[in-house]
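In: Sequence first, then the predicted structure, then my questions.
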Amino acid sequence: MGEHSLTRALRGLLNHQRTAALGTLDEADASVFVSRVPFAIDPHTRELVLHVSGLAAHTRNLRRHSQVSLLVAEPEQPGEPVHALPRVTLQGQARFVDPDEADAAACCAVYLARFPEAQPMTELGDFRFVRVRVQQARQIAGFGAARSLDTAELLQALGPTPDAGS
């Protein structure tokens, strides 16, 4: 029995799109604030890894409310219908990684594997790594192909391809 085709499609989407729209709760009045962030996926923990500046509004929001939502979508193609764009909404809990934690080096390695050009930013004192443990997902794989993922399938999609080692 092979992997579900929608799970393969979701893994492909998450591995090919390198940025997400990040929804956080505004620190002042709990209104929703959306920004764009690069993300990496830790294949061991199956968590998303973000690298955020202390100057960013979303960072201040995350310090107050750890609930997040991220939207990852394929880009619009001229002349193609937008309603069928493959996309996924991920909901989860964010956790700041202290620079002195052993886990900071693991986050840095995962992030730089995807964004090697970000290496100088990892040395700036106001940036921190954030892990997002995804708890729910809603996938739209095309027109009429939508589903909510259970935890097991979500973790499978966040991991490596099942036969990646063979």
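Out: Nice, thanks for sending it over.

In: alpha carbons only for contacts and neighbour counts from here, please
Out: Will do.

In: show me where the chain has strands.
Out: 19-25, 32-38, 40-42, 47-53, 67-73, 87-97, 127-142, 145-149 (DSSP state E).

In: Any idea how many residues pack against the closest residue to Gly23 other than its chain neighbours?
Out: For Gly23, ignoring the flanking residues on the chain, the nearest one in space by Cα to Cα, 6 or more residues apart in numbering is Val34 at 4.4 Å. Counted with other Cα atoms under 10 Å, residues neighbouring Val34 total 17.

In: Kindly report the same for Leu13.
Out: Around Leu13 there are 19 residues (other Cα under 10 Å).

In: Spit out the contact partners of it.
Out: The neighbours of Leu13, taking Cα atoms under 8 Å, 6 or more residues apart in numbering as the test, are 72-74, 86-87.

In: For the buried ones among the residues you listed, write the corresponding ChimeraX selection.
Out: To isolate the buried members of these in ChimeraX, using 16 or more other Cα atoms under 10 Å:
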select :72,73,86,87
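
In: give the contact list for the residue lying closest to His58 once chain neighbours are set aside.
Out: Distances taken as Cα to Cα, 6+ apart put Thr24 closest to His58, at 6.2 Å, once the chain neighbours are dropped. For Thr24, the contact set (Cα under 8 Å, 6+ apart) comprises 32-34, 58, 61-62, 65, 67-69.

In: biggest separation within those, which pair?
Out: Val34 and His65 (13.8 Å; Cα to Cα).

In: where does this protein have low pLDDT?
Out: For the chain, the stretches with pLDDT under 70 are 1, 27, 164-166.

In: contacting residues around stretch 74-94?
Out: Under Cα under 8 Å, 6+ apart, the answer for stretch 74-94 is 10, 13, 17, 62, 66-73, 130-143.

In: which of those residues are buried?
Out: By 16+ other Cα under 10 Å, the contacts of stretch 74-94 give 10, 13, 17, 62, 67-73, 130-134, 137-141 as buried.

In: quick one, what contacts Asp103?
Out: Counting by Cα under 8 Å, 6+ apart, Asp103 touches Val97.

In: ok, now with 10 Å
Out: Applying Cα atoms under 10 Å, 6 or more residues apart in numbering, we find Asp103 in contact with 97, 109, 129, 131.
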